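1. give me a model of this one.
(chains A and B)
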There are 2 protein chains.
Amino acid sequence: MIGFEHIRKISRTSPSKIALLIMDGLGGLPHPETGKTELESATKPNLNRVARDSICGLIDPVGPGITPGSAPGHLAIFGYDPVQYHIGRGVMEALGIDVNLKPGDIAARGNFCTVDDGGLVTHRRAGRISTDRNTVLCRLLNNISIEGAEISVLPVKEHRFVLILRGEGLSPELSDSDPQQLGVAPKRMEALSPEAEKTAEIVNGFVSQAGSLLWGKTPANMVLLRGFSRRPHIPSMSEIYKLKPAAIATYPMYRGLARLVGMKVLPAGESITEQVDSLRRHYAGHDFFFVHLKTTDTRGEDGDFRAKVQAIEELDKALPDLLNLDPDVLIVTGDHSTPAGLAMHSWHPVPFMLKSKWCRPDNAAEFSERACLTGGMGRFPATEIMSLAMANALKLDKFGA
Amino acid sequence: MIGFEHIRKISRTSPSKIALLIMDGLGGLPHPETGKTELESATKPNLNRVARDSICGLIDPVGPGITPGSAPGHLAIFGYDPVQYHIGRGVMEALGIDVNLKPGDIAARGNFCTVDDGGLVTHRRAGRISTDRNTVLCRLLNNISIEGAEISVLPVKEHRFVLILRGEGLSPELSDSDPQQLGVAPKRMEALSPEAEKTAEIVNGFVSQAGSLLWGKTPANMVLLRGFSRRPHIPSMSEIYKLKPAAIATYPMYRGLARLVGMKVLPAGESITEQVDSLRRHYAGHDFFFVHLKTTDTRGEDGDFRAKVQAIEELDKALPDLLNLDPDVLIVTGDHSTPAGLAMHSWHPVPFMLKSKWCRPDNAAEFSERACLTGGMGRFPATEIMSLAMANALKLDKFGA
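-> Coordinates of the predicted model:
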């Protein structure tokens, strides 16, 4: 694969439009009774029709056998090497609540937890306290003041919060305090490099003060921190591809990922129908659209085969409105597989199809794991999608003389 | 893929012969009426017969989505990483007129152009003056003398020429003077590194004198320069593969590329029949033959689907004479696709087949984009062709103990 430095030189702006539809967790596994995957079980005439005019394949977001988190899964599809561009757990959590992190900010994922009188962890999630209770407790923790950093504690959902440190000379090179097991005390956070010693003092001070403030507030009488990280420097999609990209995603985390790579975040509403409607309204203003469907992943993680099939069928019903816009390039794929049978993200490669006037369609006659296996792209790394999309939109010049 | 340093150690000389037939721009796209590509539309019993005895596949010369120029397309097939071994536009232009560039020579692509009284470009190609007129004007420019470099101006075709600078301490690290747009003045060429400052002075001096000499010679009253480059250092195919390689190409640019990688250039005549005849006559003297067919690309670039089909059929008719030589390894492929529908080089992967006694044939029953997709090589990088060819010629020893 050629690097960004080359793509930058050969990419050019043109009126053609690219629509990238990511069905989160799309790939599945055969149902034990029918032998068919979720995608193979769904009634999806529109997706199948697109497949017949497309070049199909199966993508590996990170590599064979590697189960991607949401960040690497999406970054790979946007063209970024998911191993080189690492997004820490803390940053992901902050993106998930639409926090606009500044470049130097340190973010950590926090849990409220329960400790016994001896200070040993008895419940890592404080019995999953309500989000309301979480909000009250975060307000309390925001009173903590430590020299050297401005501290914010932001509630997420149930027992989860985000800790953000802002200041000069901070570093995310810290070990976690979360011991990931019961019956032991929260760990002291250690500086993993000399530059992080000041930050280690600050966060250990924070935990110590948090312990005092939460004393007696059982079950949420302590905090656990992990995944200290900082927003990575990522060249924007407009720098690399000269695109004017936009994102239409109903979940904050995906809006955050889109913002990280320089996309403009458009209104999404709450359903795929509203998302396609937003796409139509903003169609003139951009030349690249990332539309994110969350339900396929959620139903897969629920382990609900039938509900995941329905999520695919709902998408299929909304597809004609998107097709009516007639984008020059339409891509449908997923950021990873979430087979209902496993009820979690998995390593299986993900169905992919790209339709354009110039795509050289293959013999794949439907959109499914099995059909994509015979497609013209074969099995390929997700990081190659963007150059293929740009080529099909006639937005890439010839490489070399 | 293993690198040259390893191939060098395990390659060996043997009497077996490899014939590499490159059909330039071979890959195509389906005709809107028939759904068949150029290759699928051609009557080609001989190519199909070879396919049945071959291992087939589809090559990516540079990578998915990347449209290769002629240099990267060929270098990849010869085994060289086309991103690492970059051939500049000026060098390619010089190769295209059979100029034998010395290692330190700087070459630039030149255009005669038209400027108005204010010095602003009104036509970047001087109305495509005749080659005869070009030759007269180049003779004039050869009178320019500047201290520090020996200057040659060589006509190419219509408005195109090559500028060559020979001397000590020169550098190709220069920006272009060609503004690539109308209504602005030719740009001053800037040194992109301190070592290039002397060369920048020389070329700016050349352009200034050229402007004086061409004054009033409208439409060709100015010159534009771009693609300053120097012949890259490329290890030869005999160093890497211990081959005695030869090239049979009717077009100078491909002879030049062959020379760059250390091939001996044999007479080619003007048609594929004459090329195969030359192959027969020189068969005893070499063990690797690169035969280059240009017409498939030319007809594709003309946008003439039917003519490209005919070019394939002509090749097919000439094939039996080549097959009669019974090379131990025969490869048929292309350096990139040139679909008639696009009328330009494209990014689509290119059909490939390799026939040898030891190739492990697959089920592909004809030579076409669709059939190659099901071939034993699948879709693969063109840079892997040479080790496969060497292996099938039993010219590679075991790797590792």
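
2. give me the pLDDT for the residue of the stretch 301-401 of chain A found nearest chain B.
-> Nearest residue of the stretch 301-401 of chain A to chain B, counting by C-beta to the nearest C-beta: A:Ser387, 3.1 Å away. To be clear about C-beta, it is placed using only N, CA and C from the backbone, and glycine gets the same treatment. We note a pLDDT of 98 for A:Ser387 in this prediction.

3. go on, A:Leu101?
-> Looking at A:Leu101, the pLDDT reads 91.

4. burial measure for it, as a count.
-> When counting by other C-beta atoms under 10 Å in any protein chain shown, one arrives at 21 neighbours for A:Leu101.

5. what about the closest residue to it other than its chain neighbours, how many neighbours?
-> Leaving out its chain neighbours, the residue that sits closest to A:Leu101 by C-beta to C-beta, 6 or more residues apart in numbering or on different chains is A:Arg231, at 4.6 Å. Neighbour count for A:Arg231, taken as other C-beta under 10 Å: 23.

6. before we move on, what about A:Ser278?
-> A:Ser278: 18 neighbours (other C-beta under 10 Å).

7. residue contacts, it?
-> Taking C-beta atoms under 8 Å, 6 or more residues apart in numbering or on different chains as the criterion, A:Ser278 is in contact with A:248, A:266-269.

8. what subset of those residues is buried?
-> A:248, A:266, A:268 (16 or more other C-beta atoms under 10 Å in any protein chain shown).

9. all helices of chain A, in order?
-> Taking DSSP state H to define them, one finds helices in chain A at A:4-10, A:38-41, A:45-52, A:70-77, A:89-95, A:131-141, A:197-213, A:237-241, A:252-260, A:272-281, A:295-301, A:305-324, A:369-373, A:385-392.

10. state the mean pLDDT of the longest one.
-> For helix A:305-324, mean pLDDT rounds to 98.

11. re the thing from before, out of the contacts of A:Ser278, flag the one nearest to B:Asp328.
-> Nearest to B:Asp328 out of the contacts of A:Ser278 is A:Ile248 (C-beta to C-beta; 57.4 Å).

12. the closest one is in contact with A:Ala268, isn't it?
-> Yes - with contacts counted by C-beta atoms under 8 Å, A:Ile248 reaches A:Ala268, the gap being 4.8 Å.

13. what is in contact with the two at once?
-> Common neighbours of A:Ile248 and A:Ala268 (criterion: C-beta under 8 Å, 6+ apart): A:275, A:278.

14. near chain B, which residues of the stretch 1-150 of chain A?
-> A:1-3, A:6, A:10 (C-beta under 8 Å from any C-beta of the partner chain).

15. looking at those, spot the one nearest A:Met353.
-> Taking C-beta to C-beta as the measure, A:Met353 lies nearest A:Met1 of these, at 20.5 Å.

16. for the spatially most central residue of chain A, give me its contacts.
-> In chain A, the centroid-proximal residue (C-alpha atoms, centre = their mean) is A:Ser70; its distance is 3.3 Å. Contacts for A:Ser70 (C-beta under 8 Å, 6+ apart) come out as A:24, A:92, A:253-254, A:257, A:335-336.

17. that older thread, of all the helices of chain A, which lies closest to A:Trp358?
-> Among the helices of chain A, helix A:385-392 comes nearest to A:Trp358, with 5.5 Å by C-beta to C-beta.

18. which stretches of chain A have low pLDDT?
-> A:1 (pLDDT under 70).

19. residues from the stretch 251-400 of chain A in reach of chain B?
-> Within the stretch 251-400 of chain A, the positions near chain B by C-beta under 8 Å from any C-beta are A:358, A:360-363, A:374, A:376-378, A:380, A:384, A:386-392, A:396-400.

20. please list only the buried members of those residues.
-> Buried residues within those, counting neighbours by 16+ other C-beta under 10 Å: A:358, A:360-362, A:374, A:376-378, A:380, A:384, A:386-392, A:396, A:398-400.

21. circling back: among the helices of chain A, which comes closest to B:Ile87?
-> Among these, helix A:4-10 comes nearest to B:Ile87, with 14.3 Å by C-beta to C-beta.

22. buried residues in that closest one?
-> For helix A:4-10, using 16+ other C-beta under 10 Å, the buried residues are A:6-7, A:10.

23. what is the nearest of the residues you listed to B:Leu225?
-> When the buried residues of helix A:4-10 are compared for distance to B:Leu225 (C-beta to C-beta), A:Ile10 wins out at 20.8 Å.

24. was I right about the closest one contacting A:Gly400?
-> No - if you go by C-beta under 8 Å, A:Ile10 and A:Gly400 don't touch, sitting 9.3 Å apart.

25. if we can go back for a sec, would you turn the residues of the stretch 1-150 of chain A next to chain B into CSV with distance to A:Leu243?
-> CSV is the format used below for the residues of the stretch 1-150 of chain A next to chain B (distance: C-beta to C-beta, whole Å):
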residue, distance to A:Leu243
A:Met1, 18
A:Ile2, 17
A:Gly3, 17
A:His6, 16
A:Ile10, 14
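
26. which of these sit farthest apart?
-> Longest span within the residues of the stretch 1-150 of chain A next to chain B, C-beta to C-beta: A:Met1 and A:Ile10, 13.5 Å.
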